[in-house]
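Undergrad: starting from these lines, generate the structure:
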Amino acid sequence: MWKIKHIFDGEYGCEELAEGQRPKVSVTLINEKEEETCFSVEDSWLTEHGLNEGDLWPKEDEFL
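TA: Numbering: from 1, shown residues only. Okay, here's the model as predicted:
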């Protein structure tokens, strides 16, 4: 199983999002073997699923 180790919300600074683009965050997952994987996901997806650091990743195949 994968657990959320870290969520980094991108700092857009003076760069604006393109029209229609939704804010993304970088998510780092870790498993019981201490293996890590990192990917980007829309911030709203995490919010809709109520996910925070320390939570178990809900789908083994999604985004991995």
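
Undergrad: drop to CA atoms for contacts and neighbour counts, all remaining ones
TA: OK.

Undergrad: ok, for the most centrally placed residue in the chain, nearest residue in space, not its chain neighbours?
TA: Note on the chain: the residue nearest the mean C-alpha position is residue 27, at 3.1 Å, using Cα atoms, centre = their mean. The shortest distance from residue 27 to any non-neighbouring residue, by Cα to Cα, 6 or more residues apart in numbering, is to residue 7 (4.7 Å).

Undergrad: can you classify that neighbour by secondary structure?
TA: Secondary structure, DSSP: H, G, I helix; E, B strand; the rest coil: residue 7 is strand.

Undergrad: still on that earlier bit, okay, now the sheet partners of the helix or strand where the residue nearest to the centre of the chain lies, with direction.
TA: Counting by DSSP states H and E, the element that carries residue 27 is strand 24-31. Paired strands of strand 24-31, with direction, are strand 2-9 (antiparallel), strand 36-42 (antiparallel) (DSSP bridges).

Undergrad: out of the ones you listed, which gets nearest to residue 53?
TA: Residue 53 lies closest to strand 2-9 among the strands paired with strand 24-31, at 5.0 Å (Cα to Cα).

Undergrad: hey, C-alpha coordinates of that closest one in CSV?
TA: Provided in CSV are the C-alpha atoms of strand 2-9 (Å, rounded to 0.1, in the frame of the first residue of the first chain):
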residue,chain,number,x,y,z
TRP,A,2,1.1,3.5,-0.7
LYS,A,3,0.9,6.4,1.8
ILE,A,4,1.1,10.1,1.1
LYS,A,5,4.4,11.3,2.4
HIS,A,6,4.4,14.8,1.1
ILE,A,7,2.2,17.3,-0.8
PHE,A,8,4.0,20.3,-2.3
ASP,A,9,1.7,23.0,-3.7
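
Undergrad: what residues sit buried inside that strand?
TA: Within strand 2-9, the residues that count as buried by 16 or more other Cα atoms under 10 Å are 2-5, 7.

Undergrad: ok, what's across the strand from the nearest residue to residue 22 once chain neighbours are set aside?
TA: With Cα to Cα, 6+ apart as the measure, residue 42 is the residue that lies nearest to residue 22, at 6.6 Å, once sequence neighbours are left out. Residue 42 forms beta bridges with residue 24, as assigned by DSSP bridges.
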